[in-house]
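Undergrad: Return a 3D structure for these sequence lines:
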Amino acid sequence: MAISGTYVAEVPLKGSVEKHYKRWKSGNHIFSDAIGHHIQGVAIHDGDWDSHGSIRSWNITCDGKPEVFKEKREVDDEKMTLTLRGLDQGHVVEKYNI
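TA: Model prediction:
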């Protein structure tokens with residue numbers, strides 16, 4: 001049984017669009033250093049770090065429990081959008097209905 005849906009959040013950010021897009025596209029591997037209590041690590045399974053269609057697994061803590069979140073990235077440089085698609089069922093996918 002597959003789960004599908006969209007989770008959209010608006011977060012006020014300080015700085016330029018370009019700065020934040022670049023950080024989310026190619027610099028989010030540093031998140032585990034910044035918030036290690038939530039993100040313990042990330043591994044790339046297919047593609048390059050910042051390429052369209054790359055697949056990654058994140059080792060995270062959600063509601064105090066260790067979880068693995070597997071995602072596929074959709075990158076649009078022209079519109080400066082980045083979409084993360086949850087690939088596996090699990091607590092994170094169920095909680096955020098991704």
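
Undergrad: Could I get the buried residue list for the biggest strand by length in the chain?
TA: The longest strand of the chain (DSSP state E) is strand 65-76. Neighbour-count burial for strand 65-76, counted by 16 or more other Cβ atoms under 10 Å, picks out 67, 69-73, 75. Where C-beta positions appear, they are placed from N, C-alpha and C, glycine not excepted.

Undergrad: Adding pLDDT and distance to residue 14, write those residues out as a markdown table.
TA: Shown next, in a markdown table, are the buried residues of strand 65-76 (pLDDT from 0 to 100; distance: Cβ to Cβ, whole Å):
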| residue | pLDDT | distance to residue 14 |
| --- | --- | --- |
| 67 | 85 | 30 |
| 69 | 84 | 27 |
| 70 | 89 | 31 |
| 71 | 88 | 26 |
| 72 | 91 | 29 |
| 73 | 89 | 24 |
| 75 | 89 | 23 |
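
Undergrad: Of those, which is the nearest to residue 46?
TA: Among those, residue 72 lies closest to residue 46 (Cβ to Cβ), at 8.5 Å.

Undergrad: which residues touch the nearest residue to that closest one once chain neighbours are set aside?
TA: The shortest distance from residue 72 to any non-neighbouring residue, by Cβ to Cβ, 6 or more residues apart in numbering, is to residue 85 (4.6 Å). By Cβ atoms under 8 Å, 6 or more residues apart in numbering, residue 85 lies in contact with 71-74, 98.

Undergrad: The longest helix seen in the chain: which residues count as buried?
TA: Across the chain, the longest stretch assigned as helix under DSSP state H is helix 17-26. With burial defined by 16+ other Cβ under 10 Å, the residues of helix 17-26 counted as buried are 20-21, 24-25.
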